[in-house]
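# build me a model:
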Amino acid sequence: MSNLKIKIFTVLLAYSTCCLSQNNKLRIEAYPFESKSGIKVDAELGSFLVSEDRSLNESRSIELKFVRFKSTNPNPGNPIVYLAGGPGGSGISTAQGPRFELFMAMREIADVIAFDQRGTGLSNHVPQCKTKAEFSLEEPGEWETYVSKMSEAAKKCLSFWKDEGVQVGGYTTTENANDLEALRKVINAPKINLWGISYGSHLAFDFINRYENSVDKVVLAGLEGPNHTIKLPKYNQNYLKHLDAKIKLDLTAVKAYPNLLLLMEEVLSNLDEKPVQAEMLDPRSGKTIKIGISKLDVQLVTSYFLTKNPENAVKLPYLYHQMKSGDFSGVARMVSGIKSFAGRIQLMPLAMDAASGVSKKRWKQIKKQSEKSLLGRTTNFPFPDISLGLEIPNLGNSFRKNPVSAIPALFFSGTLDGRTYIESAKELKKGFKNAQHIIIDGAGHDMFMCTPRVKQLMLDFFSDKVISSELIKISIPKFIMPN
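This is a model prediction of the structure:
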């Protein structure tokens, strides 16, 4: 073979090897995407392999998937990657829901990627653990009983997953951030824009700490900083004060609920002294069953079901009004729901929150503040208690440092968000010299669709238009009133 032929053959072989390698890393196929409202759009389904636990020399590979909506812009910018909350939410499923409109609108800027993080949606390769914590419906709930049973179930599930070959140490936010960098590289993007909410912001902040040069811009709502996994009870108490202020602006509601905090304090104090039993119709059996209700049960119901969004919050004063009058039928169904579903264990949300943990200084604040908070520390339940004794790596204080960055950022907070708080966003904004903070008075945790102004601000921000911090006021639903 001549030298020329050898050179040509070598070049062709190298090209072939390169292309095969790239194909092994990234697979793209046409994907007919349909929203839950029935709207169809052409998209792409992408998949690539990553190590399940990069700290191990011999880690198994897992496949991560995303849906890409191609940009309508002839000169698109850097891709916009959506990061779902939870932890445990699916980016692809989110794109099918009410935020579909936003995904489509952002195509004016660049390709939009709905990413399923490891352990979620189409990227979930963890077998289901059938073990769950079982709680007596008739017995009033106690913190120690809840935590001990959930911890026992979690340990059994972790053992089950290890036996199934799952490398549970890989389910941390840091590995999630490494996956994002792998995504950026595999789609050959010089930088990516991050768009996320709640836990998605938690992931975004770690990505910025680790891969700042890979980020173009960030749009985040419901901010959860690196050390904010375990929430401060003081912020939840402030939320209740704000809700009370909203009641006082409603001339009808204030007559029925003149002092929300006092009403809640009376109900919770009575339950602390004497838990109750209420009857409800079991929808599965059709029979009447008894539900034990403690102070803790009502605190959990309030934290989980009644403070997330304004459509939940407007039911809160009426529910406490019922209980003060001796009617616990409304809260009984919610307590039943908590006791039925709280014991289910999933690896991704369990491990992510446990690994992020809390600093000693913040934990001391939480315990002290919980003594003066109506809801105690139930917003965090069952963390961090359930984390004790679990073989899940703690990411440590180096992970829990707030980012300091010049990356352009647009932050959104809602005054009726009982999951993530305005105070947290203000703390995080201090580290971003090019950040704007939009406060939406009347918005809850799921705030992206609360007003068309959000979409316009996002489009303007990604288009490099000047954005200023501002207060947006929106109306909330009417408070539920006694008959």
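# quick one, what contacts Leu306?
312-313, 315-316, 319, 418 (Cβ atoms under 8 Å, 6 or more residues apart in numbering). C-beta: built from backbone N, CA, C; applies to glycine.
# phi, psi for the nearest residue to Ile422 once chain neighbours are set aside please.
Distance criterion Cβ to Cβ, 6 or more residues apart in numbering; nearest residue to Ile422, sequence neighbours excluded, is Ser413 at 4.5 Å. Backbone torsions of Ser413, given as degrees, to the nearest 10, read phi -130, psi 150.
# isn't Phe399 right up against Met352?
No - under the criterion of Cβ atoms under 8 Å, Phe399 is not in contact with Met352, lying 11.9 Å apart.
# so for those two, which sits in the more crowded spot?
Remark: of Phe399 and Met352, Met352 carries more neighbours, 27 against 21, as counted by other Cβ atoms under 10 Å.
# is it correct that Ile28 is in contact with Gly46?
Yes - Ile28 is within contact range of Gly46, at 5.2 Å (criterion: Cβ under 8 Å).
# tell me, please, where in the chain the pLDDT is lower than the cut-off.
Within the chain, the stretches with pLDDT under 70 are 1-24.
# quick one, what contacts Ile109?
Ile109 neighbours (Cβ under 8 Å, 6+ apart): 71, 73, 76-77, 80, 193, 459, 462-463.
# kindly recompute the last result at 7 Å.
73, 77, 80, 459, 462-463 (Cβ atoms under 7 Å, 6 or more residues apart in numbering).
# next structured bit after the longest strand anywhere in the chain?
Using DSSP state E, we find that the single longest strand of the chain is strand 40-51. Note on strand 40-51: by DSSP states H and E, the next helix or strand toward the C-terminus is strand 61-69.
# do you know how far Tyr235 is from His242?
Counting by Cβ to Cβ, to the nearest Å, the separation of Tyr235 from His242 is 10 Å.
# rewinding a little: bridged to the residue nearest to Ile422, which residues?
Ile439 (DSSP bridges).
# so what's it up against?
Ser413 neighbours (Cβ under 7 Å, 6+ apart): 223, 422, 425, 437, 439.
# how about Arg60?
Counting by Cβ under 7 Å, 6+ apart, Arg60 touches 52, 165, 167.
# my read is that Val81 contacts Phe115, right?
Yes - under the criterion of Cβ atoms under 7 Å, Val81 makes contact with Phe115 at 5.5 Å.
# which residues are common contacts for those two?
Common neighbours of Val81 and Phe115 (Cβ under 7 Å, 6+ apart) are Leu183.
# what about the helices in the stretch 201-350 of the chain?
Ranges of helices in the stretch 201-350 of the chain, per DSSP state H, counting those that start in this stretch, are 233-248, 253-256, 260-273, 295-301, 310-313, 316-324, 329-341, 347-356.
# quick one: which of the ones you listed is nearest Glu58?
helix 347-356 (20.3 Å; Cβ to Cβ).
# which of Ile28 and Gly46 has more neighbours?
Gly46 (20 against 14).
# tell me which residues touch that one, please.
Contacts of Gly46 by Cβ under 7 Å, 6+ apart are 26-28, 65-66, 68.
# from Leu223, how far out is Ile467?
Ile467 is 17 Å from Leu223, by Cβ to Cβ.
# more neighbours, these two?
Leu223 (30 against 16).
# who are the neighbours in contact with that one?
So Leu223 contacts 201, 411, 413, 420, 424-425, 428 (Cβ under 7 Å, 6+ apart).
# what do you get for Phe115?
For Phe115, the contacting residues are 66, 81-83, 91, 183, by Cβ under 7 Å, 6+ apart.
# and if we set it to 10 Å?
46, 64-68, 81-84, 90-92, 94-95, 121, 123, 176, 179-180, 183, 192, 196, 200, 203 (Cβ atoms under 10 Å, 6 or more residues apart in numbering).
# from Ala256, how far off is it?
Phe115 is 45 Å from Ala256, by Cβ to Cβ.
# save the contacts of Ile109 as TSV, and put in neighbour count, distance to Lys308 and secondary structure too.
Formatted as TSV, the contacts of Ile109 follow (neighbours: other Cβ atoms under 10 Å; distance: Cβ to Cβ, whole Å; DSSP: H, G, I helix; E, B strand; the rest coil):
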residue	neighbour count	distance to Lys308	secondary structure
Asn73	13	35	coil
Gly77	18	33	coil
Ile80	26	25	strand
Leu459	15	27	helix
Phe462	22	27	helix
Ser463	12	31	coil
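# pick the one among these closest to Arg377.
Among these, and counting by Cβ to Cβ, the member closest to Arg377 is Ile80, at 35.5 Å.
# what bridges to the closest one?
In beta-bridge terms (that is, DSSP bridges), Ile80 pairs with Val112, Asn193.
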